[in-house]
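> following is a predicted model, sequence given first.
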Amino acid sequence: MLSQNVENILVAQIEKEAYSSSLYLSMASWAEVNGFEGTAQWFYAQAEEEHQHMLKFLAFVNERGGKAIIPALNQPPVDYKDIRDIFTQVFEHEKYISQSINNIVGVCMEEKDFSTNNWIQWFVNEQIEEEKSVRGIIDKLNLIGAHSLYLFDKDIMSMRATAAK
Ligand code: OFO
């Protein structure tokens, strides 16, 4: 059974994961209409992954005797300056999510909820991977000039295919 504090912070995370999915869908759509097909595919896959994260939180809250709440979401940004801008925003967002997951660990420890703490460790590791992968993409973007964006777009498509879990 979850304590009220643990339930509340897990329910708040359902909203954050749902917003992440919606944000990445918006980025996918921007990339698609601006001709970056590979980047769009990367974001569509990322949006799906975030949707799965949201479902994991939802199922866990309900299984442990809580009540998952399906949130209303804010509209994500519609326009982005360029590809670099988009990935910089992704990196900032993922750092915010990592902080949010760490806060959940903190509440689990305060409440001595060792089973939720054990379960949330999957997300702790997932965030390490996500930050690493986005940092890798930004490093790549910093190495290339504007002319090579077409090659970058093709390249990122294969990165997604190999990194898929
Ligand atoms: Fe961006 O990963 Fe969910 O938690």
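Sure, I can see it.

> let me see the contact set for residue 11.
Counting by C-beta atoms under 8 Å, 6 or more residues apart in numbering, residue 11 touches 57, 61, 66-69. Yep, even glycine has a C-beta here, placed from its N, CA and C like the rest.

> which one is residue 152 nearest to, not counting chain neighbours?
residue 144 (5.7 Å; C-beta to C-beta, 6 or more residues apart in numbering).

> quick one: the one you found and residue 40, what's the gap?
Plainly put, residue 144 is 19 Å away from residue 40 if you go by C-beta to C-beta, to the nearest Å.

> near the ligand, which residues of this protein?
17, 20, 50, 53, 94, 97, 123, 126, 130 (C-beta under 6 Å from any ligand atom).

> in helices, which of those appear?
The members of those that map onto helices under DSSP state H are 17, 20, 50, 53, 94, 97, 123, 126, 130.

> and the residue of the chain found nearest the ligand, how many neighbours?
Closest approach between the chain and the ligand, counting by C-beta to the nearest ligand atom: residue 53, at 3.8 Å. Residues within reach of residue 53, counting by other C-beta atoms under 10 Å, total 21.

> that one and residue 16 touch, don't they?
No. Using C-beta atoms under 8 Å as the test, residue 53 is too far from residue 16 to be in contact (9.1 Å).

> who's in contact with residue 93?
Contact partners of residue 93, counting by C-beta under 8 Å, 6+ apart, are 20, 23.

> export the residues of the chain next to the ligand to TSV and append columns for distance to residue 6.
As requested, the residues of the chain next to the ligand are exported to TSV (distance: C-beta to C-beta, whole Å):
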residue	distance to residue 6
17	16
20	21
50	22
53	17
94	23
97	18
123	14
126	19
130	23
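
> filter the residues you listed to the buried ones?
Buried members of those, counted by 16 or more other C-beta atoms under 10 Å: 17, 20, 50, 53, 94, 97, 123, 126, 130.

> sec struct for residue 67, please.
For residue 67, the assignment made with DSSP: H, G, I helix; E, B strand; the rest coil gives coil.

> residues touching it, list them.
So residue 67 contacts 7, 11, 61 (C-beta under 8 Å, 6+ apart).
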